[in-house]
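>>> Make a model of this:
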Amino acid sequence: MNKKSIAVLKKLFEAGELNEELISHLRMDERKGVQQLIASYEKRQLKKQELEQRHREMISYENACYSKDIHYIAGVDEAGRGPLAGPMVAASVILPADFKLLGLNDSKQLTEADRDKFYQVIIKKALSYGISIINSDKIDEINIYEATKLAMYDAIGQLSPTPEHVLIDAVELDSLSCTSEAIVKGDAKSVSIAAASILAKVTRDNYMKDLHNKFPMYEFASNMGYGTKQHMESLEQYGVCPHHRRSFSPVKNIVS
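Model (predicted):
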């Protein structure tokens, strides 16, 4: 077998085109650059195996439903319960049975670039999805917990086909027309909930970036409405804007 240049091998590696047959031949190549590529290849393969195992663990709730002849399983999650400003967003999603997106996890554990990339894959491959946005005025009116449930019910109501079972991140919803289960830290345990968490967070983050353009003094694009030191200092200096939650103590104290 003719030796390929290290530059060519690097291009193959970056394109994901190195395979076990080629690697087995390269193991006899003593060039340092080749051995480094083999080490990188093996590291990548190990990471892929870990992600495959993680995926198998995260479809256990869905597989339990499929085994009972339940096919339309919705995952539900929210984003924005804790911030001092901006909306609460809930999302629901029904994924196909063969859905696989290696690396999918709780949205807070992913980089912004990965969340944006995963968001596009999810909305493209989902059987159905729904997104509900509850603004700060409504949150102040009914409280954040009730706003969370309202958003979740609304997001589920947008789904077609109608779900046969709903997996929810930590919140009990008692008025659904189908069975459901609340799973603590469900966005790290169920692929359906993890997908919903991506939809909710990306939607809310984009919303806060738009708010940043209207109210740049609060730096919403970086703090997403959470009570960072900079945000609190801006509140003290500029007061509240129409999107601050006046029922939340730090904001309430400034308003009063």
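>>> Roughly how far does residue 115 sit from residue 74?
20 Å (C-beta to C-beta, to the nearest Å). Placement of C-beta: from N, CA and C, glycine included.
>>> Next: residue 102.
Relative to residue 74, residue 102 is positioned 22 Å away (C-beta to C-beta).
>>> Mind checking which of the two has more residues around it?
Remark: of residue 102 and residue 74, residue 74 carries more neighbours, 29 against 11, as counted by other C-beta atoms under 10 Å.
>>> So what sits opposite the more buried one in the bridge?
residue 94, residue 166 (DSSP bridges).
>>> what's the answer for residue 132, then?
Beta-bridge partners, per DSSP bridges, of residue 132: residue 90.
>>> State the helix or strand in which the nearest residue to residue 101 once chain neighbours are set aside lies.
In this structure, residue 101 finds its nearest non-sequential neighbour in residue 121, 5.7 Å apart by C-beta to C-beta, 6 or more residues apart in numbering. If you go by DSSP states H and E, residue 121 is part of helix 112-125.
>>> Do a quick rundown of the helices in the stretch 51-200 of the chain.
60-66, 112-125, 136-142, 144-157, 191-214 (DSSP state H, counting those that start in this stretch).
>>> Save those as CSV, and put in distance to residue 78 too.
Listed next are the helices of the stretch 51-200 of the chain as CSV, based on distance: least, C-beta to C-beta, whole Å:
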stretch, distance to residue 78
helix 60-66, 18
helix 112-125, 15
helix 136-142, 12
helix 144-157, 5
helix 191-214, 6
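>>> My read is that residue 3 contacts residue 29, right?
Yes - the pair residue 3 / residue 29 is scored as a contact, 6.6 Å apart, by C-beta atoms under 8 Å.
>>> I appreciate the help and will end here.
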